[in-house]
Structures are given as structure tokens and as C-alpha cells.
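Build me a structure from this.
(chains A and B)
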Number of protein chains: 2
Amino acid sequence: MIKNVVLIGAGNLATQLGVALYDIGINIIQVYSRTREAACALAGKVNASFTTDISAIEEHCDLYIVAVKDDVLAEVVKQVNFGRSLVVHTAGSLSMNILSAYAGNYGVFYPFQTFSKNKKVDFSRIPVCLEANTEENLRILEDFARMISYKVIRLDSEQRFILHIAAVFSCNFVNHLYALSECILHENNMGFELLYPLIQETTGKVMKLSPIEAQTGPSVRNDKKVIRKHLELLKDKPELQKIYQLISDSIYQLHHS
Amino acid sequence: MIKNVVLIGAGNLATQLGVALYDIGINIIQVYSRTREAACALAGKVNASFTTDISAIEEHCDLYIVAVKDDVLAEVVKQVNFGRSLVVHTAGSLSMNILSAYAGNYGVFYPFQTFSKNKKVDFSRIPVCLEANTEENLRILEDFARMISYKVIRLDSEQRFILHIAAVFSCNFVNHLYALSECILHENNMGFELLYPLIQETTGKVMKLSPIEAQTGPSVRNDKKVIRKHLELLKDKPELQKIYQLISDSIYQLHHS
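Next up, the predicted model:
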């Protein structure tokens, strides 16, 4: 059973996860970050010591959670002596096996949410996706994850990559469509908050109906007149026109083929 | 002051609007629809008579609300004798002036929301966008709209077109990104409900931060490695690849130029 944890990394995810673990009584031994300020801030929140010296990371802890940027992960873990302890990374897009050269017991602990440093999230409702190098390690991680989330699932690396792509479409790309909407509204002296009720209704609907069933608008109706008019109104914005055309065609294809 | 109304059309918008008006005591005199079943269903909900005969539409009512498909609107209104009564259409993408040949008093009453026939919406929170051929008619419509919504605004036809485009991006296109996510998750034996917490967080965030500030993900970080991996994983889905590439580039441009 996991009782004490070292956090390697002090970004948005490490912060939110660290606080959630601390809140249920897990002993956070230490926080490591390259940045003194970040390490210190998170250590303060979870009553831990901190270090910016990677060779000073405590040994023999139950679990090391490595939550650093994807492109520095390998570089970081190779400098730590994990011994027989369990090590997990938290990245959607990295294979579990990136850890195999540096640890005997390893896995992935991927909380599937978008994190901001200063907006506390309710971890109990966040799906936690797990993978481990042995069935025993997987069980240990399951018991651990169930302490903070109701929704613990097993996913292999391939599925996790796909889930991460789905997140890019449903979170990052959706947010960008909101951003583009904001731009064109502002240019025409209207506020983005006009869209709030529509955004809420759209989001609420896909949690009741399947999004394929919930589709509305000119593209699914194949209302060529409205589509043509919209493309014409976007004539000074070739980038928006391209996005409009491509997604509109994609809607038509999904519903009429 | 408007006390009695004729509804021309019995689709999703006409149904939701009719019920909202009926609920606050407006007298719905009559419902017209080409389809007997639709006319009858809505008439039953708002305690009105109904007709499928366009020449039998009642004369001398205070307000005629024309909520039919964009491409049949002109054809419908030309067959009705509106006399001096006020006539409005409810379409985001049609100019107000489409009514000028058939009525002396006319305008637009555009409730800015996506409507389903059987999901009752709270009209009080829906922005109602108004336009009219005279200042007096605009005031009449404002008084009327304020009876059912807290958010009544004046928009000219040009602004309404832009707002409608923003709705296509933020509702129809967003929903399609959810639909694409659902498809790739199902193909890999995962359920769309895994995305619910992420979708809620993403939506909740843009009502606090501006969506431009709220942007996260590999594209805004310019994390080329993750982007390349995602594009590689989508290699059998050229349509998804194209959408990924285009929106990803657009995110980069918005944030780095």
C-alpha cells in the first residue's frame, strides 16, 4: 500500500494531484522541480520538503510521480535512483516503456483532465487511467487511485494515446473554436458572453444524447444557401473560411455517407 | 402592446417559443404548419386553433411570428395578408428586408439558442436579438421580448449574420468535434463519457477566462513531437488528420503572431 510519495515536477498537474493526495492523508515526502519557486510553492501546499537538486531526491519512497513536460521526462528520470520503488509518469502521449530502462517497477497514472494551477478541481470525478509493468503493480496503483477518484480504468499506451487525441479535439480544439468566435464577435462589437447559453446547451446536450444524434446546423441539414452566405461573409478571413469549409464537409460526410 | 400572436411554423423554435409565450399568458390565437401533425401538436401545447391552409391564417392579430425553414420563408410570407400587423421572422441568416415586400410593419425576433422540440429551455436566459423597420416597432418588440427574456438586444442584420456564424463555430462545429472524438474512442473500445469531466471543465473555463487565455494543449505549446505523433496515429483517417493540422496551425497562428 502506498503511504508516501515523492512528486517530481511542480506544474499544473503535479500541483492539483499533490493537493488532492495531501487532502486524503497521503504523506508527500518531497517535491522536486528545476524551479525553486515552483518547488517551494507546491511543497508549502502539501507540507513537504523540496529540492531543486535532482541528486537529492529521497530514496526508498513508495511511489515517485513524475509529472514533468514530455520532452524532458527521459532526461529527468535517468538521473534518479528509484531502486525497487514504483515510478509512474502522468503523460497522455508517452508510452509506459519510456520508464523501463530506469526502474524495475513502473507504470502510468494519467488523470484525464485539463489542469490550471490555481483552479482547484474535484479529483473524485476525474477518470484516472492506469497502466503498469506487472499485474501486481497495476493492483497497487488501482488501490491508490481509488482513494482519490471514483473512475479508475485500465488503459494500455495505445488507448491512452487515442484518448489524448480525443482530448485535443474535445478540449483544445473546441476551445480554439470558442476563441475564433470571440475574435469575430469582438470585431463586430459583440461580446463573447452572448454565446454562453448556447455553449451551455450544446455541452449539456452531448451528455444526454450522443453527439452524432445531437448535431444541428446548416451543414447537417445540407443548407447550401446558408453555408454559401457564411463563406462569403468570411471572405476576408481565408483561415476561418478554410476551417468552416473543412468541418462543414466533415459534418456532411459523417451524416450522409 | 402585444396580446395575441399567430405562430407560422411548428418546428423546434416555434414550439419552444410558443410554449414560453403561452406560459406567461400571451394568447396564441393560431398555429399554422404545412404538416397537420406538427400544427396539431403545438396547438395542443399552447391552447390554440391550428390550420394547414395558409389562406385560413387569422387576420388582424398583434404579431405574426414566422418560424419556418429559411428557404421556404419568402414563399410562405407572400401568401399571407398581414395588413397593418407586425410580422417578425426568427432566422439568424436572413435579412430583415426579406419581409419588406409583404408587410408594412416588420422585424426580426431571433432567440439565440439551439432548440430541440422536446427539451424545454429556460427562455429567460436566452439572448433575444431584435431588429425592426421603425423605432416604434422596435420598442414594441423590446417590450414583448422582455416579458420572456432578461437579455434583449438590438442587432442589425449584418451583426446577426456574424452572430450566427459564431454560433456555427461554437455550437455546430464544437458538437462535430465531440462526434469525431466519440468515433475514435468507440473504435478503440472506450466510451465518450470518459470525456465528460474534460468537456465540463473546458466549457466552464471559457465562462471565466477569455477562450484565448484559456487555451492549453500541444498546439499552443508548439509541442511538435506530440503533434507529429498524433498526426501519425491518425494516418488512416486523412479527414481527421486534415482537421487536426488546420486547427493546430490556426491555434499556433493566433497565439504566436
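
Please make it C-alpha for all contacts and neighbour counts, starting now.
Fine.

what's the residue in the stretch 1-150 of chain A that chain B sits nearest to in contact with, if anything?
Per CA to the nearest CA, A:Gln113 is where the stretch 1-150 of chain A lies closest to chain B, at 5.1 Å. Applying CA atoms under 8 Å, 6 or more residues apart in numbering or on different chains to A:Gln113 gives the contacts A:Ile126, A:Pro127, B:Pro197, B:Leu198, B:Glu201.

Would you check that the second one makes contact with B:Tyr196?
By that I understand A:Pro127. No: with contact defined as CA atoms under 8 Å, A:Pro127 does not reach B:Tyr196; the gap is 9.5 Å.

out of the two, which sits in the busier spot?
The residue with more neighbours, out of A:Pro127 and B:Tyr196, is A:Pro127; 23 against 19, by other CA atoms under 10 Å in any protein chain shown.

Could you say which helix or strand holds the residue of chain A positioned farthest from its centre?
Taking CA atoms, centre = their mean, the residue of chain A most remote from its mean C-alpha position is A:Lys225, at 39.3 Å. For A:Lys225, the host element (DSSP states H and E) is helix A:224-233.

Need the CA coordinates for that helix. PDB is fine.
Extracted as PDB, the C-alpha positions of helix A:224-233 are listed here (Å, rounded to 0.1, in the frame of the first residue of the first chain):
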ATOM      1  CA  LYS A 224     -26.200  25.200 -49.100                       C
ATOM      2  CA  LYS A 225     -27.600  28.700 -49.200                       C
ATOM      3  CA  VAL A 226     -26.600  29.500 -45.600                       C
ATOM      4  CA  ILE A 227     -23.200  27.800 -46.000                       C
ATOM      5  CA  ARG A 228     -22.500  29.800 -49.100                       C
ATOM      6  CA  LYS A 229     -23.500  33.000 -47.300                       C
ATOM      7  CA  HIS A 230     -21.300  32.300 -44.300                       C
ATOM      8  CA  LEU A 231     -18.300  31.500 -46.500                       C
ATOM      9  CA  GLU A 232     -19.000  34.800 -48.400                       C
ATOM     10  CA  LEU A 233     -19.100  36.700 -45.100                       C
END
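
Just the ones in helices from the contacts of A:Gln113, please.
B:Pro197, B:Leu198, B:Glu201 (DSSP state H).

Reformat these into JSON lines and put neighbour count, pLDDT and distance to chain A next to each item.
Output for the ones in helices among the contacts of A:Gln113, formatted as JSON lines (neighbours: other CA atoms under 10 Å in any protein chain shown; pLDDT from 0 to 100; distance: CA to the nearest CA, whole Å):
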{"residue": "B:Pro197", "neighbour count": "18", "pLDDT": "94", "distance to chain A": "6"}
{"residue": "B:Leu198", "neighbour count": "20", "pLDDT": "95", "distance to chain A": "5"}
{"residue": "B:Glu201", "neighbour count": "15", "pLDDT": "93", "distance to chain A": "7"}
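
Nearest to B:Asn81 among the residues you listed?
Nearest to B:Asn81 among these is B:Glu201, at 50.6 Å by CA to CA.

Go ahead and confirm the closest one touches A:Phe112.
No: contact criterion CA under 8 Å: B:Glu201 and A:Phe112 do not qualify, at 11.2 Å.

Mind jotting down where the strands sit in chain A?
Remark: strands assigned in chain A by DSSP state E are A:4-8, A:27-32, A:49-51, A:63-66, A:86-89, A:105-111, A:128-132, A:152-154.

Strand partners (parallel or antiparallel) of the second one?
Same thing as strand A:27-32. strand A:4-8 (parallel), strand A:49-51 (parallel) (DSSP bridges).

Name the surrounding residues that touch it.
Here strand A:27-32 has contacts from A:3-10, A:18, A:21-22, A:39-40, A:42-43, A:46-54, A:57-58, using CA under 8 Å, 6+ apart.

Low-confidence ranges, the stretch 1-150 of chain A, go.
A:117-118 (pLDDT under 70).

All the helices of it, in order from the start?
Ranges of helices in the stretch 1-150 of chain A, per DSSP state H, counting those that start in this stretch, are A:12-23, A:36-46, A:70-77, A:135-146.

Ok, the stretch 151-257 of chain A next?
Going by DSSP H, counting those that start in this stretch, the stretch 151-257 of chain A shows helices at A:157-167, A:174-187, A:196-206, A:211-214, A:218-221, A:224-233, A:238-256.
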